[in-house]
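Novice: Here is the input, now give the coordinates:
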Amino acid sequence: NNRGFQADMSVPEVHKRIQSLHGCNVEDRIKYFDGHKHQNKIQEMGQKEEVGFMIGGHGMHTIGTNQYGFAYIDSTTRGR
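Specialist: Now for the predicted structure:
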């Protein structure tokens, strides 16, 4: 059961494909957010910083993974 998507089309797989395109040297500048497990965690490390994030802990009660939090993104250069 492919759940409606093609093979090699998960968010992490698409991110890796983008990184491999000729002339697309983006290093850690492209981030991705993935879900839907009931937890928030870093899903993938880049060369210098986090690039992949599992975002799904919005207060759903699941044994062993009770988390609460929402993602927000500041795409400006403040703080860097």
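
Novice: Next, count neighbours for residue 12.
Specialist: For residue 12, the tally of surrounding residues (other C-beta atoms under 10 Å) stands at 14. Backbone N, C-alpha and C define where each C-beta goes, glycine included.

Novice: With residue 54 as the reference, measure out to it.
Specialist: Counting by C-beta to C-beta, to the nearest Å, the separation of residue 12 from residue 54 is 10 Å.

Novice: Then residue 16?
Specialist: Relative to residue 54, residue 16 is positioned 16 Å away (C-beta to C-beta).

Novice: Start from the N-terminal end of this structure and give the strands.
Specialist: In the chain, the segments counted as strands under DSSP state E are 32-34, 41-45, 50-54.

Novice: Could you dump the ones you listed into TSV and include mean pLDDT, mean neighbour count and distance to residue 76?
Specialist: Output for those, formatted as TSV (pLDDT from 0 to 100; neighbours: other C-beta atoms under 10 Å; distance: least, C-beta to C-beta, whole Å):
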stretch	mean pLDDT	mean neighbour count	distance to residue 76
strand 32-34	86	14	18
strand 41-45	88	14	22
strand 50-54	88	18	18
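
Novice: Those into CSV, with extra columns for distance to residue 73?
Specialist: Written out in CSV, the entries for these read as follows (distance: least, C-beta to C-beta, whole Å):
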stretch, distance to residue 73
strand 32-34, 9
strand 41-45, 15
strand 50-54, 10
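
Novice: nearest to residue 26, of the ones you listed?
Specialist: Comparing the strands of the chain by their distance to residue 26 (C-beta to C-beta), the top pick is strand 50-54, with 9.6 Å.
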